[in-house]
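Chemist: Quick one: sequence plus predicted model below, questions after.
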Amino acid sequence: MIKVGGVPDDFRSRREARQVMAEKGGRGLSIVRARIEITMGPDVGSVELAVRDRSGRDARDTLTVVREKSRWNVVVFVDRPSSPDKPRSSTVRP
């Protein structure tokens, strides 16, 4: 999961991978429907998944998607520090 997710193999990634697998893994989920909405600019949106587990129970989940090099990717790892080169936003009034 870490290799496919394209994140460094560090404590933060391993912790988040364990959490995702504990919450969503091993249920035999099949996607029944996927609806993508471009909601946060041309390269960021969300996908609402309708899924069914192996026992026939239905569930829904919404995930963030980003476009990189003309391909849409589901964001799995969200606990990532920002790049040191990226400017930080401020809540202080000018």
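Modeler: Done, it's in. Bear in mind that the values here come from a model prediction, so they are computed numbers and not experimental data. Numbers count the residues shown, from 1 in each chain.
Chemist: All the helices of the protein, residue numbers only.
Modeler: 2-5, 11-24 (DSSP state H).
Chemist: what does stretch 36-56 contact?
Modeler: By Cβ atoms under 8 Å, 6 or more residues apart in numbering, the residues outside stretch 36-56 that reach it are 27-35, 58-68, 72, 74. (Glycine included, C-beta is placed from N, CA and C.)
Chemist: Show only the entries of these found in strands.
Modeler: 30-35, 58-68, 72, 74 (DSSP state E).
Chemist: okay, Val32: pLDDT?
Modeler: Per-residue pLDDT puts Val32 at 91.
Chemist: I'd like to know how many residues surround the closest residue to it other than its chain neighbours.
Modeler: Nearest residue to Val32 in three dimensions, chain neighbours excluded: Ala50, at 4.5 Å (Cβ to Cβ, 6 or more residues apart in numbering). Around Ala50 there are 14 other residues, counting by other Cβ atoms under 10 Å.
Chemist: before we move on, what about the one 4 residues further on?
Modeler: If you count neighbours by other Cβ under 10 Å, Arg54 ends up with 10.
Chemist: what do you get for Ala22?
Modeler: So Ala22, with other Cβ under 10 Å, has 9 neighbours.
Chemist: related to what we said a few turns ago, dump the helices of the chain to JSON lines, plus mean pLDDT.
Modeler: Listed next are the helices of the chain as JSON lines, based on pLDDT from 0 to 100:
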{"stretch": "helix 2-5", "mean pLDDT": "66"}
{"stretch": "helix 11-24", "mean pLDDT": "82"}
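Chemist: Throw those helices into CSV and include distance to Arg54, thanks.
Modeler: Output for the helices of the chain, formatted as CSV (distance: least, Cβ to Cβ, whole Å):
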stretch, distance to Arg54
helix 2-5, 23
helix 11-24, 13
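Chemist: and Asn73, how far is that from Gly26?
Modeler: Separation of Asn73 from Gly26 (Cβ to Cβ, to the nearest Å) stands at 23 Å.
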